[in-house]
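Q: turn this into a model:
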Amino acid sequence: MTLTTAPAPARTAAPPESRRERRRRERLAARDAEIPVKLYGLRRGTVGLLTALAFLFALFTLIPIAWIVINSTKTQANIFESFGFWFARPFQFFHTFGLLFQNVDGYGTFIQWFGNTALYAALGGGGATALSALAGYGLARFRFRGARFAFYLIIASLLIPITALAIPLYLTYAKAHLINSLWGMVLPSMVSPIGVYLMRTYADLSVPRDLIDAARIDGAGETRIFLRVALPLMVPGLLTVLLINVVTVWNNYFLPLLIFNVNTKYPLTVGLGLWSGRLANSGDANLYPMLVMGGLVTIIPLIALFLILQRYWRGGILLGSIAN
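A: Purely as a prediction, here's the structure:
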């Protein structure tokens, strides 16, 4: 008599998780990860007050953006005659957007100014971020005579208004033949005292001394330690400084107004100011809507850059405290 064993039942594949189930699981995980308010030492009333203040600040920030989005769809007459926070016929968004690519009486085109701004922001903001990372890491992890004085001197430069340097800066640029030059805009933009301060603070928190000492014992040079050990740990702070520097160069008005006298080299800030100054002497019914549309297109890249980079901050903002 032979015994036969029944085959084991085949395992059925688990059904794929639906989008609703995945969102529910993520909400539950986020709720479990929340820290109770009482652990912060705050009362419920205080939390409610702070939430209300944050909501008011959000309204204060978003109301101008809502206004510019809504009024970019209107004609010049409707901008002044209709309610500012609601749409009106005819819908002129695409017509006004197309006008941005036209040369307005020889003053220059918006697309040319946009390209100039992107170039200045990329070179100036990227260069300022690189120099800030080098200076901040050096001040945080190297001890040399005068280090503290140099750091305080860099911070003290924030107290000097740029208008006080206008005349000496212009005379220096004239002697160095940097007027109407790309480098005349880029080189000053690469100086960022606030970037050095932030990178010095972040490097001091996120790059452990023991890790650097271990790399030195293994025979790594200082350049390799900075690029392979320190820099990856400083990425969240680096991206923060990058965004600050890019926004600073993107919104800079005084410096390009000082060094450029050719319309084709203007950034968006000076170019739109040129259009704005022309409003009083122009009967063009499209110029004011073009200014509103130009303002909207100007802020969209900054909003997009913030949305792209903010996830890196959330992922690494506590890296320094964990490393130490």
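
Q: Ile179 and Thr248, how far apart?
A: Here the distance between Ile179 and Thr248 works out to 22 Å (Cβ to Cβ, to the nearest Å). For the C-beta atoms, the positions are set from N, CA and C on the backbone; glycine is no exception.

Q: sorry, that was for Gly115
A: As judged by Cβ to Cβ, Gly115 and Thr248 stand 19 Å apart.

Q: for the protein, which spans come out with low pLDDT?
A: Within the chain, the stretches with pLDDT under 70 are 1-17, 30-44, 104-108, 279-285, 312-324.

Q: could you list the domains of it?
A: Using automatic domain parsing, the domain parsing of the chain gives 51-91, 110-323.

Q: all strands for the stretch 1-150 of the chain, in order.
A: In the stretch 1-150 of the chain, no strands are defined using DSSP state E, counting those that start in this stretch.

Q: ok, back up a step: any chance of the domains of the chain in CSV, plus mean neighbour count?
A: Formatted as CSV, the domains of the chain follow (neighbours: other Cβ atoms under 10 Å):
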stretch, mean neighbour count
domain 51-91, 13
domain 110-323, 17
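
Q: thinking Thr73 is in contact with Phe91, fair?
A: Yes. Counting by Cβ atoms under 8 Å, Phe91 is a contact partner of Thr73 at 5.4 Å.

Q: find the nearest non-adjacent residue to Ala133, please.
A: Among residues not flanking Ala133 along the chain, Met199 sits closest, at 5.3 Å (Cβ to Cβ, 6 or more residues apart in numbering).

Q: so what's that neighbour up against?
A: Met199 is in contact with Ser132, Ala133, Ala135, Gly136, Tyr137, Ala140, Met234, Gly237, Leu238, Val241, counting by Cβ atoms under 8 Å, 6 or more residues apart in numbering.

Q: which ones are touching the last one?
A: In this case it means Val241. Ala128, Thr129, Ser132, Ala133, Ser192, Gly195, Leu198, Met199.

Q: possible to save those residues as JSON lines with distance to Phe151?
A: Formatted as JSON lines, the contacts of Val241 follow (distance: Cβ to Cβ, whole Å):
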{"residue": "Ala128", "distance to Phe151": "17"}
{"residue": "Thr129", "distance to Phe151": "18"}
{"residue": "Ser132", "distance to Phe151": "13"}
{"residue": "Ala133", "distance to Phe151": "15"}
{"residue": "Ser192", "distance to Phe151": "14"}
{"residue": "Gly195", "distance to Phe151": "13"}
{"residue": "Leu198", "distance to Phe151": "12"}
{"residue": "Met199", "distance to Phe151": "11"}
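
Q: from those, pick the one nearest Ile160.
A: Within the contacts of Val241, the smallest distance to Ile160 is 13.9 Å, found for Ser192 (Cβ to Cβ).

Q: so what's that closest one closest to, chain neighbours aside?
A: Ser192's closest residue in space is Ala128 (Cβ to Cβ, 6+ apart), at 4.1 Å.
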